[in-house]
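A.B. asks: sequence and predicted model, in that order:
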Amino acid sequence: MATGAFTLKFVRAASVGLLAATVGGLVVNQLLHLCYKDEEEQELDGFPRSRWILSAAIQAFIFPVLVWLSLLVASGSGIMCGRWLTASAAELPNKSLWYVFALFGSQSRDMCPMPAATSFLMKVHHWVVTIACMLALFAPKGFGLFIAGTFVLELGSLFYNLRTLSPGNKFINTLYQTFMPLSNIAALAGGVLLLQMREVPLWMRVLYFTADVGVCIGRQRHALKDAGLLSKKATETPSQSDPKAQDGVAMQSLLGHRQRKPSWRPWVPMLFIPALQRARAPLADGRGHQHHGLLGQPRRGLIIAGGALSSPILLQSR
């Protein structure tokens with residue numbers, strides 16, 4: 001158990017933990033790329049689909065185990081839940097820090113480098129989480145509260161990731177719309193508790209609470225847009241609002257192009273036959289002389305025939 005002071009040993013252990021989590025995340029990324037073929041790696045918000053699957057797996061199976069481990073080893077050292085929430089990272093056993101290391105690595109693995117096609121909000125999210133993890137490790141109080149608050153947010157993000165992977169699944173969408181507001185409310189409640197911790201410097205409390213409120217508002221607005229309760233930006237493309245929308249639109253366009261019936265009918269040129277016959281018939285003037293019709297003039301006849309034959313093409317292109 002740590003003595004509660006931010007010694008050089010603690011700083012070294014925290015730095016090694018953050019670095020190891022980042023390297024481990026990068027290694028797993030490369031292993032996933034080897035398992036998936038290039039044509040199977042559909043990009044979602046700039047990230048390969050395999051990254052989203054890995055994030056959902058970490059949120060569903062890794063984070064809950066590490067939070068439970070943090071509570072378990074703390075209670076084994078005589079630190080109950082109430083004290084665990086208010087304690088600093090240096091006051092807790094080393095294994096109680098593993099969750100924050102994993103949370104940091106889950107973000108930093110995507111930032112080496114950050115894909116250029118990633119949205120601005122996603123980039124901000126990654127930077128906020130990584131900076132918050134580093135500050136939480138050296139905050140004088142509230143490390144356990146940080147674990148609890150970020151964990152409930154990750155539970156909401158889990159269902160967002162699942163919806164991104166399966167946007168047409170109604171059951172997942174229902175879970176997403178249920179757990180997202182619940183996780184936001186719980187995180188805001190944790191932020192209010194943090195504001196009351198006098199041991200934490202004021203600037204750090206204000207910074208955490210501001211980031212907490214901003215993240216929750218952004219998440220909830222996104223969920224309301226996904227539910228159709230808020231209108232999306234007019235400039236938003238189908239691929240930004242729905243991961244499968246672009247494929248669907250492209251497929252509908254392709255099928256429509258293949259199945260589109262011509263807007264002309266084969267009998268349309270036949271309407272010009274009587275006019276052509278009359279044009280070919282000889283005409284008599286008042287002096288008894290006969291003249292050929294319009295088709296008797298090569299150029300005029302070519303223009304009329306060309307117009308008759310080209311009329312279906314014009315109708316089709318229109």
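C.D. replies: Perfect, thanks for sending it. Not measured: the values here are computed from a predicted model. Numbering: from 1, shown residues only.
A.B. asks: for this structure, what spans make up the helices?
C.D. replies: 8-35, 49-57, 63-76, 81-86, 98-108, 120-137, 143-165, 170-195, 202-226, 238-241, 245-259, 273-280, 298-317 (DSSP state H).
A.B. asks: ranking helices and strands of the protein by mean pLDDT, which lands last?
C.D. replies: When the helices and strands of the chain are scored by mean pLDDT, DSSP states H and E, helix 298-317 comes last with a mean of 39.
A.B. asks: check residue 275 and give its pLDDT.
C.D. replies: Looking at residue 275, its pLDDT reads 49.
A.B. asks: what's the answer for residue 23, then?
C.D. replies: 97.
A.B. asks: repeat for the one 3 residues further on
C.D. replies: Among the per-residue scores, residue 26 holds a pLDDT of 96.
A.B. asks: quick check: it vs residue 108, distance?
C.D. replies: 8 Å (CB to CB, to the nearest Å). The C-beta positions use only the backbone N, C-alpha and C, and glycine is treated the same way.
A.B. asks: those two - which one has more neighbours?
C.D. replies: residue 108 (20 against 15; other CB atoms under 10 Å).
A.B. asks: count the neighbours of the closest residue in space to the more buried one that isn't next to it in sequence for me.
C.D. replies: Using CB to CB, 6 or more residues apart in numbering and skipping the chain neighbours, the partner closest in space to residue 108 is residue 22 (4.3 Å). Using other CB under 10 Å, residue 22 has 20 other residues around it.
A.B. asks: settle this for me: residue 22 is touching residue 105, isn't it.
C.D. replies: Yes. With contacts counted by CB atoms under 8 Å, residue 22 reaches residue 105, the gap being 5.3 Å.
A.B. asks: re earlier: can the helices of the chain go into a markdown table with extra columns for distance to residue 42?
C.D. replies: Listed next are the helices of the chain as a markdown table, based on distance: least, CB to CB, whole Å:
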| stretch | distance to residue 42 |
| --- | --- |
| helix 8-35 | 13 |
| helix 49-57 | 5 |
| helix 63-76 | 25 |
| helix 81-86 | 41 |
| helix 98-108 | 21 |
| helix 120-137 | 16 |
| helix 143-165 | 10 |
| helix 170-195 | 18 |
| helix 202-226 | 19 |
| helix 238-241 | 11 |
| helix 245-259 | 8 |
| helix 273-280 | 55 |
| helix 298-317 | 35 |
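A.B. asks: nearest to residue 114 among those helices would be which one?
C.D. replies: helix 120-137 (5.8 Å; CB to CB).
A.B. asks: show me what counts as buried in that closest one.
C.D. replies: 122, 125, 126, 129, 130, 132, 133, 136, 137 (16 or more other CB atoms under 10 Å).
A.B. asks: got it, and stretch 47-58?
C.D. replies: Buried-residue list, stretch 47-58, by 16+ other CB under 10 Å: 47, 48, 49, 50, 51, 52, 54, 55, 56, 58.
A.B. asks: quick revisit: closest to residue 97 among the buried residues of helix 120-137?
C.D. replies: Nearest member of the buried residues of helix 120-137 to residue 97, counting by CB to CB, is residue 137, at 7.2 Å.
A.B. asks: residues contacting the closest one?
C.D. replies: Going by CB atoms under 8 Å, 6 or more residues apart in numbering, residue 137 touches 14, 89, 97, 100, 143.
A.B. asks: what do you get if the cut-off is 7 Å, keeping everything else the same?
C.D. replies: Going by CB atoms under 7 Å, 6 or more residues apart in numbering, residue 137 touches 14, 89, 100.
A.B. asks: with residue 17 instead?
C.D. replies: 97, 101.
A.B. asks: do you know how far the closest residue in space to residue 100 that isn't next to it in sequence is from residue 52?
C.D. replies: Leaving aside its sequence neighbours, residue 100 sits nearest to residue 133 (CB to CB, 6+ apart; 5.2 Å). Per CB to CB, residue 133 is found 21 Å from residue 52.
A.B. asks: please apply the same query to residue 104.
C.D. replies: Distance from residue 104 to residue 52, by CB to CB: 19 Å.
A.B. asks: ok, residue 77 next?
C.D. replies: 37 Å.
A.B. asks: for residue 112, same thing?
C.D. replies: Note on residue 112: its distance to residue 52, by CB to CB, is 18 Å.
A.B. asks: likewise for residue 190?
C.D. replies: 26 Å.
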